[in-house]
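Trainee: just coords:
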């Protein structure tokens with residue numbers, strides 16, 4: 001209900017995300033690597049970033065199984081202001097290859113925009129924010145019910161959400 005009441009989503013530090021390879025990167029072949037000062041700067045920049053992970057696919061069976069109590073929960077469809085936040089789709093091409101040729105102010109975001117292909121089913125889009133704020137402002141557009149959400153829960157959620165914002169739409173996943 002916090003999402004609907006306050007129009008916000010949680011944004012986590014990268015090291016709290018569930019992929020153990022999160023935030024890692026590769027040096028180019030034949031390179032002696034990046035010096036310790038550059039590595040320290042990159043680490044510091046990554047630590048300033050908060051990440052909100054979303055999926056482009058509200059019909060993904062695995063995502064419903066992993067993240068919504070076995071299809072009994074809901075997914076929340078939101079709109080993000082891309083002028084306020086950096087929004088990037090994840091590239092499932094392995095770890096980011098970082099070298100002096102692609103060092104720039106958003107190098108940490110580039111690193112956090114690449115994942116191993118095993119995660120590709122997520123169809124993830126990330127919203128990046130810098131600073132101490134741990135939330136991302138959103139506009140809630142819809143509530144999507146899982147295929148096993150009980151009618152009682154659907155009714156309760158519809159009543160509650162409609163009282164907060166009658167413009168939010170409701171639908172069933174996989175219909």
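Mentor: Received it, and whenever you're ready, just let me know what you need. In this text the structure is predicted, and so the values were computed from the model without any measurement. Residues are numbered from 1 along each chain as shown.

Trainee: Which elements pack onto the helix or strand harbouring residue 160?
Mentor: Using DSSP states H and E, residue 160 falls within helix 151-164. Judged by 3 or more Cβ pairs under 8 Å, 6 or more residues apart in numbering; DSSP states H and E, helix 151-164 is in contact with helix 2-6, strand 139-145, strand 169-172. C-betas here are computed from N, CA, C, even on glycine.

Trainee: Name the residues of it that are buried.
Mentor: 154, 157, 161 (16 or more other Cβ atoms under 10 Å).

Trainee: Pick the most buried one from the helices and strands packed on helix 151-164.
Mentor: strand 139-145 (a mean of 19; mean count of other Cβ atoms under 10 Å).

Trainee: Phi first, then psi, for the residue nearest the centre of the chain.
Mentor: The chain has residue 53 as the residue nearest its centroid, 0.7 Å off, counting by Cα atoms, centre = their mean. Backbone torsions of residue 53, given as degrees, to the nearest 10, read phi -100, psi 130.

Trainee: Can you verify residue 63 is assigned to a strand?
Mentor: No - assessed with DSSP: H, G, I helix; E, B strand; the rest coil, residue 63 is helix; it does not lie in a strand.

Trainee: tally of neighbours for the nearest residue to it once chain neighbours are set aside?
Mentor: Distances taken as Cβ to Cβ, 6 or more residues apart in numbering put residue 55 closest to residue 63, at 5.6 Å, once the chain neighbours are dropped. Neighbours of residue 55 under the rule other Cβ atoms under 10 Å: 16.

Trainee: how close does residue 55 sit to residue 125?
Mentor: For residue 55, the distance to residue 125 equals 7 Å [Cβ to Cβ, to the nearest Å].

Trainee: From residue 105, how far off is the residue nearest to residue 63?
Mentor: As judged by Cβ to Cβ, residue 55 and residue 105 stand 28 Å apart.

Trainee: need the contact list for residue 135.
Mentor: 6, 8-11 (Cβ atoms under 8 Å, 6 or more residues apart in numbering).

Trainee: Now do the strands in the protein.
Mentor: Secondary structure of the chain by DSSP state E: the strands cover 8-10, 12-13, 25-26, 49-55, 74-79, 86-89, 96-97, 124-130, 135-137, 139-145, 169-172.

Trainee: Rounded mean pLDDT for the second one, please.
Mentor: What that stands for is strand 12-13. Computed over strand 12-13, the mean pLDDT rounds to 96.

Trainee: Point out the other elements, helices or strands, that that strand touches.
Mentor: Under the contact criterion of 3+ Cβ pairs under 8 Å, 6+ apart, strand 12-13 touches strand 49-55.
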